[in-house]
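J.: Have a look at this prediction, sequence included:
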Amino acid sequence: MPSRLHFGEDDFLRCRFALSPLWETQEVVRTLKRPERQGYHAHWLRRTGRTAAALDLTDLWLLMPQVGYCPDWLCPPPIGPAATFEEEIAAVRASDPEAARAETAQSLADTPGALDLPQARRWLRDPAGMIEQLADAMEEAWRSLVAPDWPRLRALLEADVAFHSRRLAEVGLGGLLPEISRRFGWHAGTLTVESRGEHERSLGGQGLVLMPSVFIWPDVVSTFDPPWQPTLVYPARGIGSLWTEPTGHATDILVRLLGRGRATVLTALDEPATTTTLAHRLNLAPSSVSAHLTLLRKSGLLTARRYGHQVLYERTPLGMALVSGGG
């Protein structure tokens, strides 16, 4: 079901990129509950398994229905281009209790039976206490699961913003948005997003926040309800090589499995790259690199996405596992 965001003349002047450590924390919690999201993060999940198991995330999961509404107050759009987690969680703690109560009731209604749970009834009777309880849970998830890796995560997110900012200058907003994701379409000032729910909203001069996320893959989030600023959250580039580095043992296995040329191309894709870029980096003929890329893609080890006149290749979860030796 498509969601549609309608741009007015002023909205083009108010589009910006942002990062959010609070958002990544929410998506980490969600990813722990959803196996379909875990392909790119298997190494991280193994490393943090004991820490995650020691956390009680039940209350947060209750407000993350598989299909349906998640309360915006618990993870609002970023308050600035580079806000800290401390600033963002302070804004959560300052949420209006009655607004939080209404959003929470809407979210609970999307999980059959959730409104009848004792915890849900307590929250709706005491929304101020609920805010503190869930903010504490989110803060503990941040400290235990995200903060230790935040410099690495932030570096990848900042690289995504730098890349897409350059593309914005080259092709404009209408050209950039369909490049970011196959789920995004652009026509006559309207952004269409293929998503789980149907939503229609005029930006009303607020513009749009574009926010990459490491843990949202393979999903996208297309908006927040008023009065929150419209926000588009999409999977960051380069997550396939985020957690692991190739080892000598893994490289030897790849050479025997794929042949030296294809193994070399696969291990060189630490970030998405074109045929020409890889050929220059590896000092190989573009035709040879193209043949290797085609076979690797047909084997399910790479995915290809078009950016304007260029095609960028990136490892799939299977390709990442082979390179890391963690398959």
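T.: That came through, no problem.

J.: which stretches of the chain aren't confidently modelled?
T.: Counting by pLDDT under 70, the chain contains low-confidence residues at 1, 196-197, 224, 244-251, 307-308, 321, 324-327.

J.: Show residues contacting stretch 223-236.
T.: Contacts to stretch 223-236, defined as CB atoms under 8 Å, 6 or more residues apart in numbering, come from residues 3, 5, 23, 72, 76-78, 156-157, 160, 177, 180-181, 184, 191, 193, 199, 201, 203, 206-214, 216-222. C-beta here means a position set from N, CA and C on the backbone, and glycine is covered the same way.

J.: List only those of those residues flagged as buried.
T.: Applying 16 or more other CB atoms under 10 Å to the contacts of stretch 223-236, the neighbour count classes 3, 5, 23, 72, 76-78, 156-157, 160, 177, 180-181, 184, 191, 193, 199, 201, 203, 206-214, 216-217, 219-222 as buried.

J.: and those, which of them are in helices?
T.: Using DSSP state H, W23, L156, L157, D160, L177, I180 are the members of the buried ones among the contacts of stretch 223-236 that sit in helices.

J.: what's the distance between the residue nearest to Q206 when sequence neighbours are not counted and R125?
T.: What sits nearest to Q206 in space, not counting adjacent residues and going by CB to CB, 6 or more residues apart in numbering, is Q229, at 5.2 Å. In this view, Q229 and R125 are 30 Å apart by CB to CB, to the nearest Å.

J.: more crowded one of those two?
T.: Taking other CB atoms under 10 Å, Q229 and R125 do not tie; Q229 has more neighbours (19 against 10).

J.: ok, the more buried one to V255 distance?
T.: 50 Å.

J.: surely Q133 meets D59?
T.: Yes: using CB atoms under 8 Å, Q133 is in contact with D59, at 6.8 Å.

J.: contacting residues around the nearest residue in space to E103 that is not next to it in sequence?
T.: Closest residue in space to E103, ignoring its immediate chain neighbours: P71 at 3.8 Å, by CB to CB, 6+ apart. Residues near P71 by CB under 8 Å, 6+ apart: L63, A100, E103, T104, Q106, S107.

J.: Just the buried residues out of the residues you listed, in ChimeraX syntax.
T.: Typed into ChimeraX, the line below selects the buried ones among those, using 16+ other CB under 10 Å:
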select :63,100,103,104,107
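
J.: among the buried ones among the contacts of stretch 223-236, which are in strands?
T.: Cross-referencing those against strands under DSSP state E gives S3, L5, F184, L191, V193, H199, R201, V209, L210, M211, P212, S213.
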